[in-house]
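Participant: Could you look at this predicted model? Sequence included:
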Amino acid sequence: MALFCAIVQGHYKRRTGARNSAEQVTNTCLKGVLVAISIPIFTSLLEKSRDAVTLSNIRAAYAEVQTTYLTANGANATGKDGNQTITYTADKNTVSVSNVVSKGTAAGLAGTDQLPFTVDNSITGKDGMGGKAATNWTVTFTYTTDDDGNVTGVSVAANPGA
């Protein structure tokens, strides 16, 4: 209340002069601490976003693969979608998609448990698709079927592509 009264009566004047050295040092130190705290947080969020982009690219390739597998009618087929080439090999029961882009992270790819198929180390490892940034990969999906031809599982592997 006393401060309010002082402001109203004009006794309190805002300081307009330059800051002294102690204030400047304190201000600089506080900014440094805030930056030191924010850099690891930013880096971890950047890694997560790269993982999300790579997973999204793998899911998009899987959607293309599913379409090719369902429409190939058991015959070998090759098609193009933009810069990607999709190849179905009937005797091996595999579908490959070339030029799948990986954003890669230093620790390898996280979050593959969200994918609807089995993923091997060529995708998740730091030396695989999940660890090498901005490279194109050929992703091969292998379909496992029972004696009646029903799909029982899908697994995926990746190789550095052209």
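Facilitator: The structure has been received and is ready for your questions.
Participant: Please name the nearest non-neighbouring residue to Ser75.
Facilitator: Quick fix: residue 75 is Ala, not Ser. Once flanking residues are discounted, Ala75 sits nearest to Ala90: 5.9 Å by C-beta to C-beta, 6 or more residues apart in numbering. Placement of C-beta: from N, CA and C, glycine included.
Participant: pretty sure that neighbour is in contact with Tyr69, am I right?
Facilitator: No: using C-beta atoms under 8 Å, Ala90 is not in contact with Tyr69; the gap is 9.9 Å.
Participant: So which of the two has more stuff around it?
Facilitator: Tyr69 (20 against 14; other C-beta atoms under 10 Å).
Participant: what's the following helix or strand after the strand or helix carrying Gln66?
Facilitator: Using DSSP states H and E, Gln66 maps to helix 21-71. Going down the chain from helix 21-71, the next helix or strand is strand 77-81, by DSSP H and E.
Participant: Any idea which helix or strand in this protein has the lowest mean pLDDT?
Facilitator: The helix or strand of the chain with the poorest confidence is helix 2-8; it has a mean of 54 (mean pLDDT, DSSP states H and E).
Participant: any idea how far the most centrally placed residue in the chain lies from Asn150?
Facilitator: Ranked by distance to the mean C-alpha position of the chain (C-alpha atoms, centre = their mean), the top residue is Asp51 at 2.1 Å. Distance, Asp51 to Asn150, by C-beta to C-beta, to the nearest Å: 32 Å.
Participant: Same check on Glu64?
Facilitator: Per C-beta to C-beta, Glu64 is found 22 Å from Asn150.
Participant: Can you pick out the residue with more neighbours from those two?
Facilitator: Glu64 (18 against 8).
Participant: Would you mark the buried spots in stretch 72-79?
Facilitator: For stretch 72-79, burial by neighbour count (16 or more other C-beta atoms under 10 Å) applies to 72, 77.
Participant: what stretches of this structure score poorly on pLDDT?
Facilitator: In the predicted model, the chain carries pLDDT under 70 at residues 1-18, 104-106, 122, 124-134, 161-162.
Participant: and the nearest residue to Thr118 once chain neighbours are set aside, how many neighbours?
Facilitator: Nearest non-adjacent residue to Thr118, counting by C-beta to C-beta, 6+ apart: Ser155, 4.1 Å away. Residues within reach of Ser155, counting by other C-beta under 10 Å, total 14.
Participant: Please apply the same query to the one 3 residues further on.
Facilitator: Burial of Ala158, expressed as a neighbour count using other C-beta under 10 Å, amounts to 28.
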